[in-house]
Each structure stands twice: as C-alpha cells, then as structure tokens.
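K.L.:
sharing a model prediction with you, sequence too.
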Amino acid sequence: MRQSRLFTKARKEAPADEVAKNAQLLIRAGYVHKEMAGVYDYLPLGLKVVDKIKQIVREEMNAIGGEELIMSSLQRKELWERTSRWSDEVVDVWFKSELKAGGEVGFGWSHEEPIGEMMKNFIASYKDLPVSVYQFQTKLRNELRAKSGIMRGREFVMKDMYSFAADEASHLAYYESTKPAYMKVFKRLGIGDDTYITFAAGGAFTKFSHEFQTICDAGEDVTYIAREKGIAINEEVLNDETLANLGVRREELEQFATAEVGNIFNFGQQKAADLGLMVKDREGKDAPVWMGSYGIGVTRLVGVLVEKFADEKGLVWPEAVAPYAVHLVALGKPGDDVTKAADAFYEELAKAGVETLYDDRDMSAGAKFAESDLLGMPHRIVVGKEAAETGRFEVVTRATGAVEKFGREEIIAHFAHA
Ligand code: ATP
Ligand code: MG
C-alpha cells in the first residue's frame, strides 16, 4: 500500500473528549474514527487489525469443531421473555426499538436465545449432537459508562460461540476444550503470559463462570492472582468460601487491574429447558440439551494490545496482528535515485507477498519517522542515499528500537516466510 494513496492521515491531536489512551492513539494514527462515546468506526488500518484477530480466533474455534455462521442483530422479544431476560431490570444494556408494523424488537447484545431457538430446526435426537457454532457479530449494548475507548463500546465486535450436547460428559469435555483453545488465541496475540483463566460470577450450572482476564492498567476489573499456582479470582467472588474451594490462601494472591478479554459459561440443561430445546436420548425420552456459551471481545482485544504494547512514540503491534509487517520509508525526492530504488524494492516486496506499507510521500525524514513510530508496524525499512547505492537497508524493530542492516534478498527471504 502506497501511503500517498491511504486516505487516512496521522494527526497530532486526538479529540479533546477522548480520555482513553487506546482510542487517542488509534484516532491519531488513523486506525479508528470516533462517532460518539463508545461508538467507533474502523478505518482501513484498524480493520486490518480486527480482521487478523478474527482470523486467529476463527482458526482456533475451527480447530475445536466450531462452525461459523452469522445471526441477525434484530431479535424477537418473545424469545427473551421465555428466559426472563427481556426486562431492563434483568439485562441493563438492552437497546430496543419498535417495528412500524407493530411489536417490539431488541438489538442483539448476546445471542443464546435466538441461537437456541434456531437450533430447534436442526437438533431432534442425540444423533444430531454435539454441535458448536460461532459468529463474529457487532453487539449493541447500552453501556452506562463508555470511558475506556474501544475497550468498552456501545457497539463492538464479539466472537460468540454456543455449544450443544446430548449428555453431561460430552458437554463438559467441550467446555474444558475451549480453555486451551482460548489460551492459544491469547498466546498468538502476544498476551498469553499475562492472561489468566479466572473464577468469576455469572455461573449458572456451575458456581463460577470462567473469565479470561489480561493484566492491563487500563482494564476495568480487579483480579487476584497467584501467579505461581496459576489461580486467578475476580474480586466479585473473592471470599473465604472461594479461597477454601480453590485451595489458595489470601496472602498468596496479588491484586491486578485486568481487562476481561473472554468469558465462558456452562448453562447445564437450564437454558435449553427454558427455551424448550429438547432432544430424544438413547431411550427415546425427551431431555433438554446441554448448553454452553463462549465469548471473546475482539475489538476490546485491539484496545488491550494498544494499552499493553504502545510506548511514548505511539502504537506497537505484535507481528501477528499488525496491518502491515513492514513499513518501507523512502527518504528521497520525487524522481531521484533514492525514490527509484525504494519504488523498485516496494515492487519486489509486494511480488514476494510481503505486506508492506510504503511511505512514498514527499516529506521530511523526521516527520516520516515520527509518523512511522505512531503507526507502529513491527519493522521499518529505511531507504536513504546509502541504501540506494549499496543495496543494504536499515531495518528498525519498532518494539525494541534495534537497528540492523540487511541486503534485499535477506529481507525478502525473511518477511516472505514470516
Ligand atoms: P464487562 O464485564 O466488561 O461489561 P461482560 O461480562 O458484560 O463484560 P460478556 O457478556 O461476558 O461481557 O461478553 C463477552 C466478551 O465480550 C467479554 O469478555 C468482553 O471481552 C467483551 N465485551 C463485553 N462488553 C464489551 C463492550 N462493551 N465493549 C467491548 N467488548 C466487550
Ligand atoms: Mg463477562
């Protein structure tokens, strides 16, 4: 991508009303645009990050048998009444509206009810199970406070998966399999070491739900973690009973600010019983399906990565999600040898399939470097006079500032396989 053609431009200032570091940086770098509090547009650079995170999540959900679909945003009131979740007293984040033709609809903040109802068309007997389906969906939630930038949106992308099983054993086995799958996602995003499976409230069948909490100063949650033992407890369930249950002493736990990047729920048979989602078991008797639901905050993760890795110069993307692997920065004037060498190298990189953002604009070196730091690609390749003459280019690693020189072939061989 030639930067001269990128319609977004970096800017010095974020909007005065934006208080979150993640959104400030993303807006300044042209990754997102703020529509209003808690509502953001994803511009080409930001969309690439979101898509890369989605692809990682998709691969790991497919690996445990998930099938991708996409449910509607408009939802029927009656379905949520069945499980007593239509009321604003029970669910305080509903956006609702009225149809001109009459009747009320809700905007999807979650999808257990419609997905369970939809499944009635496909699940009749234990032979149709187990099934696991997931989607990437823009959820709408009327959040009271939206001060954490894209980490708490009123509109945000979630991956939500739902599992259906005929018996307890296969249900529990699936529930357990999602934990390592989730951890693989967080590891691939570079936050595996700081992310803990956390005992939290919201259990239905089981006493706890399991959250995935990532240590992050900008996170809104408080988690108590025994790092050695790998035990983490959300403050909302930190009490003597929980400690005894988990075999951990209060003194072993350290308090951290964390961001909830995922949450999994075991509903047992209750949800399906409420919804009337039944299957015939081996004896031909009707029984409610065993259900679980499994969320990951895709756009919240973008914010967490910004908060954790950005430095005073700007964004720093892990290689796995960076919009471009390489930022090629040319320091020539239009038509000179430096520009010609940079153009030629850009074409070579593109041909080799290296994702490259090419700063081909006529600007000062200082301004280009500052903007390159702000945009945060993992590697910057500089084409100046010396590089144009020798064919050896400076490669700067954004995260460490390390500078090394490499020849064209070496660079292409390295990044083409990255
Ligand atoms: P929170 O406690 O932060 O409000 P939640 O427990 O209500 O989140 P879930 O219903 O468990 O959220 O949703 C699954 C995942 O979606 C969460 O683990 C989180 O990563 C993400 N998520 C939830 N609400 C938001 C939001 N307003 N903006 C961005 N991501 C969100
Ligand atoms: Mg949650």
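P.N.:
Received the coordinates, thanks. Ligands and ions are numbered 1, 2, ... in the order given.
K.L.:
where does this protein have low pLDDT?
P.N.:
418 (pLDDT under 70).
K.L.:
which residue is nearest the middle of it?
P.N.:
The centroid of the chain falls nearest to Val298 when counting by C-alpha atoms, centre = their mean (2.3 Å).
K.L.:
pretty sure that one contacts Gln55?
P.N.:
No - Val298 lies out of contact with Gln55 (C-beta atoms under 8 Å); the separation is 10.6 Å. Bear in mind the C-beta positions are built from the backbone N, C-alpha and C, glycine included.
K.L.:
returning to what we had before: excluding its backbone neighbours, what's nearest the residue nearest to the centre of the chain?
P.N.:
Once its chain neighbours are removed from consideration, Val298 has its nearest residue in Val157; the separation is 4.2 Å (C-beta to C-beta, 6 or more residues apart in numbering).
K.L.:
and what of Gly202?
P.N.:
For Gly202, the spatially nearest residue (C-beta to C-beta, 6+ apart) is Ser209, at 4.0 Å.
K.L.:
repeat that for Leu374.
P.N.:
Setting aside the residues directly before and after it, Leu374 is nearest to Gly314 in space (C-beta to C-beta, 6+ apart), at 3.5 Å.
K.L.:
again, but for Lys159
P.N.:
Take Lys159 and drop its neighbours on the chain: the residue closest to it by C-beta to C-beta, 6+ apart is Ile296, 4.3 Å away.
K.L.:
how about the contacts made by the one you found?
P.N.:
Residues in contact with Ile296 (C-beta atoms under 8 Å, 6 or more residues apart in numbering) are Val57, Met158, Lys159, Asp160, Tyr182, Val185, Phe212, Val261, Gly262.
K.L.:
got the phi/psi numbers for it?
P.N.:
For Ile296, the backbone dihedrals are phi -130, psi 130 (criterion: degrees, to the nearest 10).
K.L.:
what's across from it in the sheet?
P.N.:
When bridges are assigned using DSSP bridges, the partners listed for Ile296 are Lys159, Gly262.
K.L.:
show me where the stretch 151-300 of the chain has its helices.
P.N.:
Assigned helices in the stretch 151-300 of the chain, in chain order: 168-188, 240-246, 270-275, 298-309 (criterion: DSSP state H, counting those that start in this stretch).
K.L.:
count the neighbours of the closest residue to ligand 1 within the stretch 201-350 of the chain for me.
P.N.:
Here the residue of the stretch 201-350 of the chain nearest ligand 1 is Gly297; by C-beta to the nearest ligand atom that distance is 2.2 Å. For Gly297, the tally of surrounding residues (other C-beta atoms under 10 Å) stands at 25.
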